[in-house]
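Trainee: Can you look at this prediction? I've put the sequence above it.
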Amino acid sequence: MRLPRYTRRMAIGLPVACGFNLPSDAIVTDPLLGPFGGTPVSVMEPLAGSPALDRAVGPCPATDARGVARPQGGACDSGAAERPVAGMPPGGGGNAPHLSIASKLRVAANLKTIALKLACPASAGKCSGSVKIVGTVAKTSAKKKTRKVTIASGRYSIAGGKSKTLKLKVTHIGLPLFVEGLLSGLNYAVSFLLLQHFHLILATKQPAMTAATLARMIRSRDRSERLDRMVEFTVHICRSQFAAVMANVSVVFIGAFLFNFFWRLALGHSFLAEKEAQHVFETLSPVNSGTVFYAALTGAILWMAAMVGGWMDNWTVYHRLPQAIAEHRLGERFGRRRMVRAAGIVARNVSGWATSISLGFLLGLAPVIGRFLGLPIDVRHVTLSSGSLAFAGSALQGWFTTAWFFWALAGVATMFVLNLGVSFFLSLYTATRAYDLPRRELRVLGARLFRRLLRHPLDFVLPGKFEEEQKEKE
């Protein structure tokens with residue numbers, strides 16, 4: 001098969017039998033290429049003395065695969081990479097045009113679209129659905145360090161307490177079911193969007209956003225190494241979320257008590273009536289209510305919201321939404337730079353927006369849907385329920401000495417375990433299904449985690465000696 005003329009102009013090191021017989025083709029020649037690497041795509045840049053330098057004949061693209069302007073010398077280099085020339089301007093040399101911001105956005109979108117298509121061809125069956133979502137769900141979530149999570153989560157808790165304050169009032173003023181669910185969902189969604197804007201963190205949300213990292217681990221060929229890395233990753237997730245929850249709960253309690261103190265000071269009564277406070281204690285008990293089931297359901301909701309965010313990110317890239325915004329005709333009125341800036345904001349935040357909005361409305365509408373259908377559906381999130389417990393406790397005298405308080409406290413601990421466990425398990429299951437990992441490996445992973453829990457239980461909440469010993473061995 002003869003290759004297109006455009007491709008043949010950059011042929012080096014290939015035999016004549018392949019059809020590379022133009023004057024510009026270098027037959028059976030060492031191309032002298034550098035190591036494979038670089039961003040936004042990996043290439044092999046020609047080294048000094050390479051026969052690929054300035055070898056292309058005729059017109060060539062304005063930039064190479066990385067966005068470097070061409071040509072840097074008298075002519076374009078053969079291949080996907082242009083070797084920068086010392087002393088040349090950053091934009092390149094010759095008559096090559098500089099790459100505009102809008103063009104860079106377009107190049108990035110095209111590259112990511114191509115990557116998605118390569119990862120999930122139309123004939124790939126199951127790959128076309130799950131892998132695409134796994135590939136982009138919360139790409140930075142696994143990079144959060146425990147210390148960062150602790151600090152940011154503490155800051156989050158104040159906003160979480162305010163969100164719960166509005167939720168408690170909305171559900172007790174006798175609104176129609178749909179209006180109640182809509183306002184509750186809107187309250188949560190706006191709160192979560194504000195948290196995202198200020199770079200704050202919702203405890204137990206991180207595990208549902210780890211499918212991308214898990215997928216990269218699963219792709220490792222060595223089975224033992226893969227399982228070891230997944231065990232360590234799970235331990236780190238548990239530890240960071242424990243720190244996040246402790247920060248969330250601590251600040252929520254302090255914030256709720258201070259809020260109730262000033263409320264009582266201004267109006268002469270507590271934020272919650274005594275009957276409402278007693279009802280909150282009853283609904284948080286893990287044995288006298290549906291807290292266990294509701295907490296597990298909330299873990300599933302966290303996972304579903306993460307899937308919505310991943311899908312939205314893929315949809316945005318596939319349909320080149322940032323490029324469309326950057327090149328929209330409104331740029332003639334508002335300025336092209338403003339449109340490009342807006343395109344960048346959308347590209348960076350659209351996944352988080354979708355996750356926050358979907359999570360907010362799922363949490364707000366789930367109880368209403370359950371009551372409308374007569375089904376036992378409700379939500380129990382560890383941080384939000386801690387706010388309810390704090391408001392209820394501040395409205396009652398001697399609350400910390402009653403059995404109801406200790407049952408409610410046990411319920412909050414149960415929520416943490418189930419919110420974290422269910423959302424993480426569903427993310428893990430999604431990743432394993434996307435790459436057809438045998439289910440028996442899930443059982444092996446569970447067994448390894450259980451052994452780690454028995455031998456080093458504190459590793460799941462604090463950095464332990466086990467990790468120090470492993471580093472010393474390495």
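Mentor: Okay, I see it. Since we're looking at a predicted model, the values are computed, not measured.

Trainee: Buried residues, stretch 71-82. List them.
Mentor: P71, Q72, G73, A75, C76, D77, S78, G79, A80, A81, E82 (16 or more other CB atoms under 10 Å). C-beta coordinates here come from the backbone N, C-alpha and C atoms, glycine included.

Trainee: Using CSV, lay out those residues together with distance to R341.
Mentor: Putting the buried residues of stretch 71-82 into CSV (distance: CB to CB, whole Å) gives the following:
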residue, distance to R341
P71, 31
Q72, 29
G73, 34
A75, 36
C76, 32
D77, 33
S78, 37
G79, 34
A80, 30
A81, 30
E82, 28
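
Trainee: now, among these, which is nearest to A52?
Mentor: Distance to A52 across those (CB to CB) is lowest for S78, with 4.1 Å.

Trainee: Please narrow the buried residues of stretch 71-82 to those residing in helices.
Mentor: Applying DSSP state H to those, no entry is found in helices.

Trainee: For those residues, which two are the farthest from each other?
Mentor: Taking CB to CB, no two of these sit farther apart than G73 and A80, at 16.6 Å.

Trainee: Mind telling me what element the closest residue to Y188 other than its chain neighbours is part of?
Mentor: The spatial neighbour of Y188 that comes closest, neighbours along the chain excluded (CB to CB, 6 or more residues apart in numbering), is G360 at 3.4 Å. Using DSSP states H and E, G360 sits within helix 336-373.

Trainee: average pLDDT across whichever helix or strand comes after that helix?
Mentor: The helix or strand immediately downstream of helix 336-373 is helix 382-395, counting by DSSP H and E. Helix 382-395 comes out with an average pLDDT of 86.

Trainee: Quick check: which ranges of the stretch 251-400 of the chain have low pLDDT?
Mentor: 398-400 (pLDDT under 70).

Trainee: just to revisit the earlier point, so the helix holding G360 versus helix 382-395, what angle?
Mentor: With axes from the mean of the first three to the mean of the last three CA atoms, to 10 degrees as the basis, helix 336-373 and helix 382-395 are set at 60 degrees to each other.

Trainee: Could I get the buried residue list for helix 336-373?
Mentor: 336, 339-340, 342-344, 346-347, 350-368, 370.

Trainee: So F450: helix, strand or coil?
Mentor: Assigned by DSSP: H, G, I helix; E, B strand; the rest coil, the conformation of F450 is helix.

Trainee: what's the pLDDT at it?
Mentor: Predicted confidence (pLDDT) for F450: 92.

Trainee: ok, so what distance separates it from S250?
Mentor: Distance, F450 to S250, by CB to CB, to the nearest Å: 30 Å.

Trainee: neighbour-wise, which of those two wins?
Mentor: A direct count of neighbours by other CB atoms under 10 Å for F450 and S250 places S250 higher, at 14 against 10.

Trainee: Tell me the helices and strands packed up against the host helix or strand of that one.
Mentor: Secondary structure from DSSP H and E places S250 in helix 223-267. Applying 3 or more CB pairs under 8 Å, 6 or more residues apart in numbering; DSSP states H and E, one finds that helix 223-267 contacts helix 146-170, helix 211-218, helix 382-395, helix 403-434, helix 439-455.

Trainee: redo that, cut-off 6 Å
Mentor: Helices and strands touching helix 223-267, by 3 or more CB pairs under 6 Å, 6 or more residues apart in numbering; DSSP states H and E, are helix 146-170, helix 211-218, helix 382-395, helix 439-455.

Trainee: pLDDT averaged over the first one - what is it?
Mentor: Per-residue pLDDT values across helix 146-170 average out to 44.

Trainee: And the next helix or strand past it?
Mentor: With DSSP H and E, the next secondary element past helix 146-170 is helix 177-197.

Trainee: Could you export that following helix as CSV, CA atoms only?
Mentor: Provided in CSV are the C-alpha atoms of helix 177-197 (Å, rounded to 0.1, in the frame of the first residue of the first chain):
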residue,chain,number,x,y,z
LEU,A,177,-42.5,17.5,48.4
PHE,A,178,-41.2,18.6,45.0
VAL,A,179,-40.4,22.1,46.2
GLU,A,180,-38.7,20.7,49.3
GLY,A,181,-36.5,18.4,47.4
LEU,A,182,-35.7,21.0,44.8
LEU,A,183,-34.7,23.6,47.4
SER,A,184,-32.7,21.1,49.4
GLY,A,185,-30.9,19.9,46.2
LEU,A,186,-30.2,23.5,45.2
ASN,A,187,-28.9,24.3,48.7
TYR,A,188,-26.5,21.4,48.5
ALA,A,189,-25.5,22.1,44.9
VAL,A,190,-24.7,25.8,45.5
SER,A,191,-22.8,24.9,48.7
PHE,A,192,-20.7,22.3,46.9
LEU,A,193,-20.0,24.7,44.0
LEU,A,194,-18.7,27.3,46.5
LEU,A,195,-16.5,24.6,48.1
GLN,A,196,-15.0,23.8,44.7
HIS,A,197,-14.5,27.5,43.9
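
Trainee: mean confidence for it?
Mentor: So the average pLDDT for helix 177-197 ends up being 89.

Trainee: any idea how the chain splits into domains?
Mentor: For the chain, automatic domain parsing gives the domain ranges 1-99, 127-473.

Trainee: Which of the ones you listed has the highest mean neighbour count?
Mentor: Across the domains of the chain, averaging neighbours per residue (mean count of other CB atoms under 10 Å) puts domain 127-473 on top, at a mean of 18.

Trainee: sorry, back to before: on contacts alone, who are the packing partners of the helix holding G360?
Mentor: So helix 336-373, by 3+ CB pairs under 6 Å, 6+ apart, packs with helix 101-119, helix 177-197, helix 291-318, helix 321-326.

Trainee: Need these in CSV (columns: distance to R55).
Mentor: CSV is the format used below for these (distance: least, CB to CB, whole Å):
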stretch, distance to R55
helix 101-119, 24
helix 177-197, 49
helix 291-318, 34
helix 321-326, 32
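
Trainee: Any idea which of those gets closest to I377?
Mentor: helix 291-318 (6.9 Å).

Trainee: A295 versus Q278, what's the distance?
Mentor: Q278 is 21 Å from A295, by CB to CB.

Trainee: just Y188 next, same as before
Mentor: Taken as CB to CB, the span from Y188 to A295 is 17 Å.

Trainee: do P457 as well
Mentor: Between P457 and A295 the distance is 22 Å, computed by CB to CB.

Trainee: repeat for V350
Mentor: Applying CB to CB to V350 and A295 gives a distance of 30 Å.

Trainee: try V317
Mentor: Distance from V317 to A295, by CB to CB: 34 Å.

Trainee: And V346, by the same measure?
Mentor: 34 Å.

Trainee: Please apply the same query to L362.
Mentor: From L362 over to A295 the distance is 15 Å, taken as CB to CB.

Trainee: ok so, going back, make CSV out of the buried residues of stretch 71-82 and add pLDDT and distance to A434.
Mentor: As requested, these are exported to CSV (pLDDT from 0 to 100; distance: CB to CB, whole Å):
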residue, pLDDT, distance to A434
P71, 84, 42
Q72, 82, 41
G73, 77, 45
A75, 82, 45
C76, 86, 39
D77, 84, 38
S78, 82, 38
G79, 82, 33
A80, 83, 29
A81, 84, 32
E82, 84, 36
